[in-house]
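Visitor: return a 3D structure for these sequence lines:
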Amino acid sequence: MKKSALIFTLLAVVAMIALAGCGEKKETAQSAPANTAQSAPAQAMASNPNMWEGTVIETMNSGGYTYVYIDTGSEKIWAAGPQTEVAEGQVIVMDKGMAMPDFHAKSLDRDFDVIYFVGSISGKDSADHPQAEHPSAEHPQAAAGAMGSGADHTVVEKAEVVNVAKVAGGYTVEEIFNQSGSLQGQDVKVRGQVVKFTANIMGTNWVHIQDGTGNGETADLTVTTSAVVAPGDMVLVEGPLTVNKDFGAGYKYAAIIEGAAVTKE
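Guide: Residues are numbered from 1 along each chain as shown. The predicted structure is shown next:
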């Protein structure tokens, strides 16, 4: 009897330990949702994979562009985007643009092993990060925002572009605007310097060229093309001219060359 009582006691102890273990697992399982709930805000604040965020180490403006050297915490990179007021030590965000290896910036007379051309640069604390969304064909208004800048969103301010010779049998940028009525639908040729390039917006690349002629709207010509160029490149553009092209959302171009052949010179 004593032996049976001992066995019974041992079985009871084992059962209590097992129940205690189940209780601990249940408590852990119940606490897991609370931990997940606490981590959700942190997950929501995670960096957008289409964006870079970093501290400005060095910056300069040239040729209508702002160049920034930033420390993301994991790497240091050079990028260039539409001219923006930034300062050393400032934390900025920008879309992950197109990499250009072995790039020579003519306006700076400087070589970069790799530089990224981005559609926007903005301070981290900018209200609602208006330029943070990476433009794409699925977001036509965001895409249109990458097409140009300036008061009417379609014109890049006049850069310090000089000594651009008019191409034989072609036009200057100013002449294209001034004669756009008679040139509508015709193939036109123009030589200019690239002052802005945005890749793969609504299925095409967007280029702004200037040649030093004109003022305001008549100084900056927008071109769509499959060619890949970079700010500072001297290019020859040839293609059909469209007048008063309206993409909606306020993005209207008095003159634009669409589907152009663009050749670097």
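Visitor: Val86 should be in a strand, yeah?
Guide: No - applying DSSP: H, G, I helix; E, B strand; the rest coil, one finds Val86 to be coil, outside a strand.
Visitor: for burial, what's the neighbour tally of it?
Guide: By other C-beta atoms under 10 Å, 21 other residues sit near Val86. C-beta here means a position set from N, CA and C on the backbone, and glycine is covered the same way.
Visitor: check contacts around it.
Guide: Residues in contact with Val86 (C-beta atoms under 8 Å, 6 or more residues apart in numbering) are 56, 59, 66, 68, 92, 121, 123.
Visitor: ok, it to Ile121 distance?
Guide: Distance, Val86 to Ile121, by C-beta to C-beta, to the nearest Å: 6 Å.
Visitor: try Leu221
Guide: Distance, Leu221 to Ile121, by C-beta to C-beta: 24 Å.
Visitor: kindly report the same for Val223.
Guide: Applying C-beta to C-beta to Val223 and Ile121 gives a distance of 23 Å.
Visitor: how about Ser226?
Guide: Distance of Ser226 to Ile121, given as C-beta to C-beta: 26 Å.
Visitor: likewise Leu241?
Guide: Distance from Leu241 to Ile121, by C-beta to C-beta: 31 Å.
Visitor: the two: which has the busier surroundings?
Guide: Higher neighbour count among Leu241 and Ile121: Ile121, with 26 against 22, using other C-beta under 10 Å.
Visitor: if I pick that one, what's in contact with it?
Guide: Contact partners of Ile121, counting by C-beta under 8 Å, 6+ apart, are 66, 68, 79, 81-82, 84, 86, 92-94, 131.
Visitor: ok, now with 7 Å
Guide: Listed by C-beta atoms under 7 Å, 6 or more residues apart in numbering, the contact partners of Ile121 are 66, 68, 81, 84, 86, 92, 94.
Visitor: quick check: phi and psi on Ser180?
Guide: Torsion angles at Ser180 (phi, psi; degrees, to the nearest 10) stand at phi -60, psi -30.
Visitor: what residues are up against it?
Guide: 241, 243, 254-255.
Visitor: now the two most distant members of these.
Guide: Within those, two members stand farthest from each other by C-beta to C-beta: Leu241 and Ala254, at 10.7 Å.
Visitor: helices of the protein, start to end?
Guide: In the chain, the segments counted as helices under DSSP state H are 2-44, 140-145, 173-178, 180-183.
Visitor: may I see the buried residues of stretch 96-114?
Guide: 96-98, 100, 103, 105, 107-108, 112 (16 or more other C-beta atoms under 10 Å).
Visitor: pLDDT of stretch 189-202, averaged?
Guide: In this model, stretch 189-202 has a mean pLDDT of 87.
Visitor: pull out the buried residues from it.
Guide: Buried positions in stretch 189-202, judged by neighbour count with 16+ other C-beta under 10 Å: 189-198, 201.
Visitor: show me the domain layout of this protein.
Guide: Using automatic domain parsing, the domain ranges for the chain come out as 1-46, 51-134, 173-264.
Visitor: mean neighbour count, those: which tops it?
Guide: With neighbours defined as mean count of other C-beta atoms under 10 Å, the domains of the chain peak in mean count at domain 173-264, which reaches a mean of 19.
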